[in-house]
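# just a sequence and a predicted model for now, questions to come.
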Amino acid sequence: MRTRFAPSPTGPLHLGHAYSALLAHDMARAAGGTFLLRIEDIDQSRARPEWEAQIYDDLAWLGVTWDAPPMRQSDRLPSYRAALSDLWTKGLLYPCTCTRRDITAAVSAPQEGAGPIYGPDGLVYPGTCRPDTPPSGPIPEDAALRLNMRAALAHLATPDRFTFEDETCGQVLVSADELISEVGDIVLSRRDFPGSYHLSVVLDDAAQGITHVIRGEDLFEATKIHVILQRLLGLPTPAYHHHRLIRDDTGKRLAKRDDARAIAKYRADGATPEDIRRLVGL
Ligand code: GLU
């Protein structure tokens, strides 16, 4: 078993992160497996070295140890570029210059049938920039790149359905219809970065040889995207364990801005790592 914890250094780790890291770490240790760390710093406008340093410090204090130097996404651009180039050559990507506002306006235009559909990445893209034939020539530098979901499904030999193993739900089936209507043409490369969360996470899990992805159930829907990307890129699909989320007293899941629940704050107030384990129900 090889698993990982993949925090973004954009704020302090809070109780929810502690739960995720401890759970994955405990499972790896119990199985005699490997536990790895990955710093997901593709959002260069928000990632800070001081948050990364705090992540190492908080994890060490919690008793979490990792078995290799951490992988950092900002070091992985050549791999992301190579995968994008592969998908571009296969005719599965197209450039998109729509802003969030353009997309909202397009999906709110009066039309017959159902209203806007929200997928794992927000509003399902209405297809404004989708070309009728695959674009040719070099990859444009100044636009986001979207996956043409219909073309991607048609490219695969058995496009009718995908599966992944989830420890809580068992085998999860993902149909082609669902991918087209409820996920749609997701962004795989941003205008400011040659990659996106979905592309990077899939390539990095494969590069780190991850066999079990242990992460919050807020990412359950995103796993459907990851499974099709793994198929398109010829990568193995790990087993998934989507765990419960740690919530505040009002039942809302914790976010980065919940500094009151930051591990650093508990530490400063004199809590022990055992207190943190108790607080998250471990
Ligand atoms: N970087 C993501 C986060 O901090 C986690 C991604 C993952 O575990 O796949 O929420």
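Arrived safely. Since the model is a prediction, treat every value here as computed from it, not as a measurement. Numbers count the residues shown, from 1 in each chain.
# enumerate the residues of the stretch 151-282 of the chain near the ligand.
V201, R215, L219 (CB under 6 Å from any ligand atom). Bear in mind the C-beta positions are built from the backbone N, C-alpha and C, glycine included.
# my guess is the first one contacts V227, does it?
No. With contacts counted by CB atoms under 8 Å, V201 stays clear of V227, the gap being 11.8 Å.
# okay, those two: which has more neighbours?
Set V201 next to V227 and count neighbours by other CB atoms under 10 Å: V201 wins out with 25 against 20.
# top helix in the protein by residue count?
Longest helix of the chain, by residue count under DSSP state H: helix 15-30.
# quick check: next helix or strand after that one?
For helix 15-30, the following helix or strand on the C-terminal side (DSSP states H and E) is strand 34-39.
# let me see the contact set for the residue in the stretch 51-200 of the chain that the ligand sits nearest to.
Closest contact between the stretch 51-200 of the chain and the ligand, by CB to the nearest ligand atom, is at Y197 (7.2 Å). For Y197, the contacting residues are E40, I42, A222, by CB atoms under 8 Å, 6 or more residues apart in numbering.
# on that earlier part again, the residues of the stretch 151-282 of the chain next to the ligand in strands, which ones?
R215 (DSSP state E).
# residues near the closest residue in space to T10 that isn't next to it in sequence, how many?
Setting aside the residues directly before and after it, T10 is nearest to R46 in space (CB to CB, 6 or more residues apart in numbering), at 4.1 Å. Neighbour count of R46, defined by other CB under 10 Å: 13.
# low pLDDT regions in the stretch 151-282 of the chain?
Where the stretch 151-282 of the chain drops to pLDDT under 70, the residues are 159-160, 256-258, 260.
# now the helices for it?
For the stretch 151-282 of the chain, the helices defined by DSSP state H, counting those that start in this stretch cover 176-178, 197-207, 220-233, 263-268, 273-279.
# I am finished for the moment; much appreciated.
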